[in-house]
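Enquirer: sequence first, predicted coordinates after that:
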Amino acid sequence: MQYQRPGPQARLGPACPGCRQPPPRIRYRTFYFHFENLCYANGRKTTFLCYRVERLAPGLPVYLWKGVFPLKQLHAELCFLYWFHNHILSPNENYRITWYVSWSSCPNCAWEVARFLAAHQNVTLTIHIARLYYFWNDSFKQGLRRLSQERAQLAIMDGQGFQYCWDEFVYNDGKPFRPWRKLNINFNYQDHNLQEILRSLLKEETFLIQFNNKHRAQKPYRRRKTYLCYKLEGPSGSGPLTKGCLQNKKGKHAEARFVDKMRSMQLDHALITCYLTWSPCLDCSQKLAALKRDHPGLTLRIFTSRLYFHWVKKFQEGLRLMFACKIQVAVMEPLRAQEGITGQRLDSSFRLDDITENIGNLQLAPPSF
C-alpha cells in the first residue's frame, strides 16, 4: 500500500469521486492473500476494509449495513468516511462502527479518521488490524496513537477475528476457514508491536514531572497537570482490551473524557485500572460513580499520585462518594524506596483513609448527573 500524501481529496466534502456503493463480500482467494497476518508482507499493496455499521438504540444495537472497501482513488479509510458521511450519518443517532482491515492506516488516513471521530461524538469505532503498516516509522506510530486518543479501539485480529471475516465478508462457497501456518505466532508478534506503540503515549520526562508526589513542585518549576492513564481488561484475566492516556482538553476534565470513552464500550464484568496525577474533583467523582452504578459488574480501580485539595469538604465528598459506590481508590505506591517518597506516600494514604473511613458521618445530597 502506497502512502497517500495529503491533498484536496483528503478532506471530507460533499462527494467522493469513485466511492460508490461497496460490494458486500470479497473472493476467498483475495481474502487469503491480503489478510494473511505475515510479519513482513511484500507485494500486498492494497488495503481491504471490511466494515459493519450499527445504530445504537435502546436495547440491542440495530444492524444497518456491512460491506468491503478496497483501495480506489482514495485509501479505503477515506472512501468509507465519504460513504458513511454522505449516506448514513445523522446527527440525531448514535452509531457503532467495526472495521476489519488488512493494513493499519497511513498517517494521513489515521489523522483524518481521528478528526472525524473528534467532530462526531455520536460515532464509536473499533478497528481490528491484520498487519501493522510501517510500525517502526514514527509518523505511522503517531497516527495510531492519535486514533486511540480520539476514542478508536485498536486491536490485532486473532483467529476468531479472521473466522468472523470469513463468515461475514467472504464469498467462501460454503467452505470452512483454514487457518494458515503461524497465524497465532504472527498474531503475538503484531499484538506486541501494537501494545508497544500504544504504551508510549506518555513520555518518561512527563511521567517523572507530572506523577511526582512531592508536596511542592521541584525545579525546574512546571505546572502539574491532570493525566489519566487507564487499562481496560476483559473478564477472567483475558488480557488488556485497550489502554491509553488522557488529559484535560477544551475545558473537559480527563476523568470526564475517560467516562465518555468507557460508555461506548462493553463493560460487563470488565476490570478498569486508572492511574491519576490528581484525585478527581467532585463533579468528576460523580461521573465515575455513575459509571460504576450503571455497570454493577464492572470493577473500577483508581490509583492517584496526589490528593487534590483534600482539606476542602466538597473534594472529600467526591472521594467518599466513589468509595460508597465500591470504586477502589488508593494512593499510588512508590516504584522503589527513594528519599522523601515513601513518607509522602504514607502521609497521603493516611489522609485518604481518614476521609473514607468516616463515610457514615457524611450526609450527601443525591448527586445530579
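Expert: Cool, got the structure. Numbering: from 1, shown residues only.
Enquirer: phi, psi of residue 125?
Expert: The phi/psi pair for residue 125 (degrees, to the nearest 10) reads phi -140, psi 130.
Enquirer: any idea of the pLDDT on it?
Expert: We have a pLDDT of 93 for residue 125.
Enquirer: same check, this time on residue 3
Expert: For residue 3, pLDDT reads 41.
Enquirer: next one: the one 10 residues further on
Expert: In the predicted model, residue 13 carries a pLDDT score of 50.
Enquirer: give me the contact list for the host helix or strand of residue 190.
Expert: Take DSSP states H and E as the rule and residue 190 turns out to sit in helix 183-199. With Cβ atoms under 8 Å, 6 or more residues apart in numbering as the contact definition, helix 183-199 has outside contacts at 37-39, 129-132, 135, 141, 144-145, 148, 154-159, 162, 240, 243-244. Heads up, the C-betas are built off the backbone N, CA and C, glycines and all.
Enquirer: buried ones in that helix, by neighbour count?
Expert: Within helix 183-199, the residues that count as buried by 16 or more other Cβ atoms under 10 Å are 186-187, 189-191, 193-194, 197-198.
Enquirer: for stretch 282-300, same thing?
Expert: For stretch 282-300, burial by neighbour count (16+ other Cβ under 10 Å) applies to 282-292, 295, 298-300.
Enquirer: three-state assignment of residue 229?
Expert: With DSSP: H, G, I helix; E, B strand; the rest coil as the basis, residue 229 sits in strand.
Enquirer: give me the neighbour count for it.
Expert: 21 (other Cβ atoms under 10 Å).
Enquirer: is it in contact with residue 272, as I believe?
Expert: No - the criterion here is Cβ atoms under 8 Å, and residue 229 misses it with residue 272 at 11.3 Å.
Enquirer: mind giving me the PyMOL command for buried ones among the contacts of helix 183-199?
Expert: Only the buried entries of the contacts of helix 183-199 go into this PyMOL selection, using 16+ other Cβ under 10 Å:
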select buried, resi 37+129+130+131+132+135+141+144+145+148+154+156+157+158+162+240+243+244
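Enquirer: how about the strands of the stretch 251-369 of the chain, start to end?
Expert: 271-278, 299-306, 328-331 (DSSP state E, counting those that start in this stretch).
Enquirer: tell me the most buried of those strands?
Expert: Sort the strands of the stretch 251-369 of the chain by mean neighbour count, taking mean count of other Cβ atoms under 10 Å, and strand 271-278 sits at the top with a mean of 22.
Enquirer: packing partners for that one?
Expert: strand 227-233, helix 254-262, strand 299-306 (3 or more Cβ pairs under 8 Å, 6 or more residues apart in numbering; DSSP states H and E).
Enquirer: for stretch 249-257, measure first residue to last.
Expert: From its first residue to its last, stretch 249-257 covers 8 Å (Cα to Cα, to the nearest Å).
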